[in-house]
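1. output the structure for:
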Amino acid sequence: MLKVGLVGFGMAAQVMHAPFLKVLPPYEVVAVLERNREDSKKLFPDATIVRSIEDLLQSDIDLVVITTPNETHLPYALQALAAGKHVVLEKPFTITSEDAEQLIQAGKAAGKILSVFQNRRYTADFLTIQKVIEEGMLGSVHEYEAHYDRYRPDPKPGAWREADSPGSGILYDLGPHLIDQALCLFGLPQHITADIRRQRPHAVTDDYFDLRLDYGFTKVILKAGMLVREPGPRYSIHGTLGSFIKSGEDPQEAILKTGQLPTAPDWGCEPAELYGLLHTTVNGKEIREIYPSLQGGFGKYYQHLYDTIVNGAPLSERPEHGYNTIRLIELAKESQEAKATIPCTQLMAH
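-> All right, here's what the predicted structure looks like:
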């Protein structure tokens, strides 16, 4: 049993972390940091509510899960590691690659597990795309395009992600999902070209991006915006043998927002109407068919983490992955400022 201290109980904690920490038997949430409220009592009635990170770190816990705003990630993680705790950080890992490197070194010095919560590795669509590419169904992929679009024309009151502050904006919010998926599929890119914009009249930070990652033969396109009322395909992947087109949003987040716990045997399964279209050649025969999605499940992140902490299994979501995501965000901003394609430098082995 891993005893958990949960830092923050906002939307990220309530929707993406707490439900899985509640239902997975190897975990027990024993302390929650809430500055002013006691919202976590409904889900964790036996957990102690604390008002400071110092009080939380004095609790009898093994793992600290940090879900608070981006600027707190570095100081809270450093404190937790210094206190001898394993640490999970919500994405983005940190605000700067320099901070990320400092955290990596602190994790090594402490001899504790440090991981970034990249839950979008465990969606039905991405797991299916991994299989399609890894099994060579498309041949050699020459173009991969992924979107994370929304329609939110109006400001969201009190949203720190939309404020003019370090680590805010859509590139830091949704960019880590798309960038991390691309790195999982294709490794480290050679060059990057970025178009980062403020499209909504009230925007004080970026609310649109178009990133182009150059892998030589393979071109990766990553896009996100807040003014896309009618989205196109979420993923369009083209290879030398065929194409895979996938639309729709993974259902887990929407279900979790209703308060439903992830206990059903079919948790993470997509409805058939969201399955992708595979058009390719298999054994010399052309096929064009609906391809069933694999079962996803954000909880797989915590299952793998437990296996790492308790059984010594290799860590799936390594801190170096978090570093590379942040470094590519920095490079994207440099590319935008220069209005130019620039080399992808100072990346760590993925």
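
2. how about the helices in this protein?
-> 11-12, 18-23, 53-57, 73-82, 97-110, 124-134, 170-173, 175-186, 252-257, 299-311, 319-338 (DSSP state H).

3. so which of the ones you listed gets nearest residue 222?
-> Residue 222 lies closest, by C-beta to C-beta, to one member of those: helix 175-186, at 4.2 Å. Heads up, the C-betas are built off the backbone N, CA and C, glycines and all.

4. which other residues reach that closest one?
-> 91-93, 118, 120-121, 126, 129-130, 133, 141, 144, 146, 148, 189, 209, 211, 213, 215, 218, 220, 222, 224, 321, 324-325, 328-329, 332, 350 (C-beta atoms under 8 Å, 6 or more residues apart in numbering).

5. redo the helices of the chain as CSV? Include distance to residue 269, mean neighbour count and mean pLDDT.
-> CSV is the format used below for the helices of the chain (distance: least, C-beta to C-beta, whole Å; neighbours: other C-beta atoms under 10 Å; pLDDT from 0 to 100):
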stretch, distance to residue 269, mean neighbour count, mean pLDDT
helix 11-12, 23, 14, 96
helix 18-23, 16, 20, 98
helix 53-57, 36, 18, 98
helix 73-82, 32, 21, 98
helix 97-110, 34, 18, 98
helix 124-134, 7, 20, 98
helix 170-173, 27, 23, 97
helix 175-186, 20, 22, 98
helix 252-257, 10, 16, 98
helix 299-311, 13, 18, 98
helix 319-338, 26, 22, 98
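
6. turn those into JSON lines, columns for distance to residue 235.
-> Converted to JSON lines, the helices of the chain look like this (distance: least, C-beta to C-beta, whole Å):
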{"stretch": "helix 11-12", "distance to residue 235": "24"}
{"stretch": "helix 18-23", "distance to residue 235": "25"}
{"stretch": "helix 53-57", "distance to residue 235": "39"}
{"stretch": "helix 73-82", "distance to residue 235": "29"}
{"stretch": "helix 97-110", "distance to residue 235": "27"}
{"stretch": "helix 124-134", "distance to residue 235": "6"}
{"stretch": "helix 170-173", "distance to residue 235": "19"}
{"stretch": "helix 175-186", "distance to residue 235": "9"}
{"stretch": "helix 252-257", "distance to residue 235": "17"}
{"stretch": "helix 299-311", "distance to residue 235": "20"}
{"stretch": "helix 319-338", "distance to residue 235": "19"}
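
7. to residue 244, which of the ones you listed lies closest?
-> Taking the helices of the chain one by one with C-beta to C-beta, helix 124-134 is closest: 5.2 Å.

8. quick check: the residue lying farthest from the centre of the chain vs residue 241, distance?
-> When distances are taken from the C-alpha mean of the chain, residue 284 lies farthest, 37.8 Å away, according to C-alpha atoms, centre = their mean. Look at residue 284 and residue 241: by C-beta to C-beta, to the nearest Å, they are 11 Å apart.

9. what does residue 87 give?
-> Relative to residue 241, residue 87 is positioned 43 Å away (C-beta to C-beta).

10. ok, those two, which is more surrounded?
-> Using other C-beta atoms under 10 Å, the more surrounded residue of residue 87 and residue 241 is residue 87, with 27 against 16.

11. so the more buried one sits against residue 117, correct?
-> No - Residue 87 is beyond contact range of residue 117, at 10.5 Å (criterion: C-beta atoms under 8 Å).

12. shared neighbours, the two?
-> By C-beta under 8 Å, 6+ apart, residue 87 and residue 117 have these common neighbours: residue 65.

13. who does the nearest residue in space to residue 191 that is not next to it in sequence bridge with?
-> Leaving out its chain neighbours, the residue that sits closest to residue 191 by C-beta to C-beta, 6 or more residues apart in numbering is residue 214, at 4.0 Å. Under DSSP bridges, the beta-bridge partners of residue 214 are residue 191, residue 219.
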